[in-house]
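*Asks:* quick check, what structure comes out for this input:
(one chain, ligands or ions: 1)
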Amino acid sequence: MTHSNLCILPWAGIELTTRGKWTLCCRMSEEQAFGALPEKAQELFESSPYLKKIRQDFLEGKIPTECQGCFEEEKRGGQSYRQEMNQYFSKQFEVLLNQPQIRFLDVRFSNRCNFACRTCRPVASTGWAQDALMMGLPTGSSFTEALSKASKHEEETLEFLQSQTLPLEKIQIMGGEPFLIPAVYSFIERLIEQKKQNTALIFNTNMSTLICEGKDIVKLLSPFSQIRLIVSIDGLGKVNEYIRHGSKWDDLLANFLRLKKELPQAELILYPTVSLLNILSLSELLAYFLGRQLIDEKNVLLNILERPQYYSLANMPPLMKNVVKEDFQKLGKKHLLLQKQLQRVIHFFEAATFEEEHLQQFFQATKFLDQLRQESFEELCPKFRLFCP
Ligand code: SF4
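*Replies:* Numbers count the residues shown, from 1 in each chain. Below you'll find the model as predicted:
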């Protein structure tokens, strides 16, 4: 059987969202959940008609509607989550197809986060609660309310996971900010107690802290041999502090350097979300990390922003496209392993038709938040306006 159009995840993995919903993977929204805590993952995995249908579609060579995103990503020349997972489970493909088993868990203990990144939203960050309230967003609540919901959910998730005996070999922990969540530390301690240090662990972190309630994540992770830390950094210094509201560049860099030194087995991934907010300074960020050998070229992962739409590169004015193309081509000549990814970004904005109305929405949204936060995109990136009609 050829597996080129198949995704192994429906046979091998499951995701628990910040609100306790079971979905198939992090590329899906909570609206596509097929269960919720306290329903047991294993039972749902075996009996959910939703999952059965997705598996059936794949086996019949069809692309399930909910998986279109991965295939579109591949068409754009990027590496999809599907390909990444297929590669990871390549040696177990046949076994899993014959006998589905949850080997991979993607878990978000809660949305507790100390940042309110411009490209994020309240469902993924408690840091957004206050601004969302001021903006009249339906998900707005006071910060205290948001935090208390987060704590409750963290406890429930921890308790639930500790009562499970899934044959997990890979666990991805996202947030919120996982290194701020006490339950994440307890969960890792439990893995150590159970002598599961061979479990592959993946974290997505804003790198703001490595310590929580006196526990040190670096020390806790040292017995694990497979660790991947996906570090969200969108810009150098002030740019990162503007986009990732709440971040402090010096702290971030100090934590990054400490991890590199004290957790050498960890694979550090630089993961900038590429949007209109940082497109003109992205090469500066990459040159900084690559030039100082803080990161390998192969460990840069450019995440092209999809939402909110007004920050999308699809809204780039033509003049800016030319400048960025030139900039990226120069960078690509120096860093050959990055070329494909830079090309993918170029391809993304080249394929979009510029609509001035959408660019105006970008300015409106940016100005609105600037006023709320007493910040200024114009001051941060004065050259942006030069390329606008
Ligand atoms: S194809 Fe993509 S969206 Fe679908 S299950 Fe696999 S990784 Fe998730």
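*Asks:* can you name the residues of the stretch 251-389 of the chain sitting close to the ligand?
*Replies:* Residues of the stretch 251-389 of the chain that fall close to the ligand, judged by CB under 6 Å from any ligand atom: none. (C-beta placed from N, C-alpha, C; glycine too.)
*Asks:* where does the stretch 251-389 of the chain get nearest to the ligand, which residue?
*Replies:* Glu306 (13.2 Å; CB to the nearest ligand atom).
*Asks:* residues in contact with the nearest residue to Leu210 once chain neighbours are set aside?
*Replies:* Nearest residue to Leu210, sequence neighbours excluded (CB to CB, 6 or more residues apart in numbering): Ile217, at 4.9 Å. For Ile217, the contact set (CB atoms under 8 Å, 6 or more residues apart in numbering) comprises Phe179, Tyr185, Ile188, Leu210, Ile211.
*Asks:* got it, and Gln83?
*Replies:* Shown in contact with Gln83 (CB under 8 Å, 6+ apart): Cys70, Glu74.
*Asks:* go on, Leu59?
*Replies:* Here Leu59 is in contact with Leu6 (CB under 8 Å, 6+ apart).
*Asks:* for Met1, give me the pLDDT.
*Replies:* pLDDT for Met1: 48.
*Asks:* the residue of the stretch 101-250 of the chain found nearest the ligand: which element?
*Replies:* Using CB to the nearest ligand atom, the point where the stretch 101-250 of the chain gets nearest to the ligand is Asp106, with a distance of 9.8 Å. In the assignment (DSSP states H and E), Asp106 maps to strand 104-108.
*Asks:* still on that earlier bit, could you dump the contacts of Ile217 to JSON lines with distance to the ligand, secondary structure and neighbour count?
*Replies:* Shown next, in JSON lines, are the contacts of Ile217 (distance: CB to the nearest ligand atom, whole Å; DSSP: H, G, I helix; E, B strand; the rest coil; neighbours: other CB atoms under 10 Å):
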{"residue": "Phe179", "distance to the ligand": "25", "secondary structure": "helix", "neighbour count": "24"}
{"residue": "Tyr185", "distance to the ligand": "28", "secondary structure": "helix", "neighbour count": "21"}
{"residue": "Ile188", "distance to the ligand": "25", "secondary structure": "helix", "neighbour count": "23"}
{"residue": "Leu210", "distance to the ligand": "30", "secondary structure": "coil", "neighbour count": "22"}
{"residue": "Ile211", "distance to the ligand": "33", "secondary structure": "strand", "neighbour count": "14"}
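*Asks:* can I see the domain layout of the chain?
*Replies:* According to automatic domain parsing, the chain comprises the domains 1-85, 109-271.
*Asks:* check this protein and tell me which residue is nearest its centre.
*Replies:* Nearest to the geometric centre of the chain sits Asn204, at 6.1 Å (CA atoms, centre = their mean).
*Asks:* so it sits in a strand?
*Replies:* Yes: assessed with DSSP: H, G, I helix; E, B strand; the rest coil, Asn204 lies in a strand.
*Asks:* surely it meets Leu301?
*Replies:* No: with contact defined as CB atoms under 8 Å, Asn204 does not reach Leu301; the gap is 10.8 Å.
*Asks:* and for these two, which residues touch both?
*Replies:* Taking CB under 8 Å, 6+ apart as the contact rule, Asn204 and Leu301 both touch Ile230, Tyr271.
*Asks:* is it true that Cys388 touches Val323?
*Replies:* No: in terms of CB under 8 Å, Cys388 does not count as a neighbour of Val323; the distance is 11.8 Å.
*Asks:* tell me where the stretch 51-200 of the chain has helices.
*Replies:* Taking DSSP state H, counting those that start in this stretch as the test, the helices found in the stretch 51-200 of the chain are 68-75, 81-88, 93-98, 129-134, 143-162, 182-193.
*Asks:* now the angle from the last one to helix 143-162?
*Replies:* The reference is to helix 182-193. With axes from the mean of the first three to the mean of the last three CA atoms, to 10 degrees applied, the angle from helix 182-193 to helix 143-162 works out at 20 degrees.
*Asks:* now helix 182-193 - C-alpha only, PDB.
*Replies:* What follows is helix 182-193, C-alpha atoms only, in PDB (Å, rounded to 0.1, in the frame of the first residue of the first chain):
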ATOM      1  CA  PRO A 182       2.900  24.300  37.800                       C
ATOM      2  CA  ALA A 183       1.000  21.200  36.600                       C
ATOM      3  CA  VAL A 184       3.400  20.800  33.700                       C
ATOM      4  CA  TYR A 185       6.300  20.500  36.200                       C
ATOM      5  CA  SER A 186       4.300  17.900  38.200                       C
ATOM      6  CA  PHE A 187       3.600  16.000  35.100                       C
ATOM      7  CA  ILE A 188       7.300  15.800  34.200                       C
ATOM      8  CA  GLU A 189       8.100  14.700  37.700                       C
ATOM      9  CA  ARG A 190       5.600  12.000  37.400                       C
ATOM     10  CA  LEU A 191       7.200  10.800  34.100                       C
ATOM     11  CA  ILE A 192      10.500  10.600  35.900                       C
ATOM     12  CA  GLU A 193       9.000   8.600  38.800                       C
END
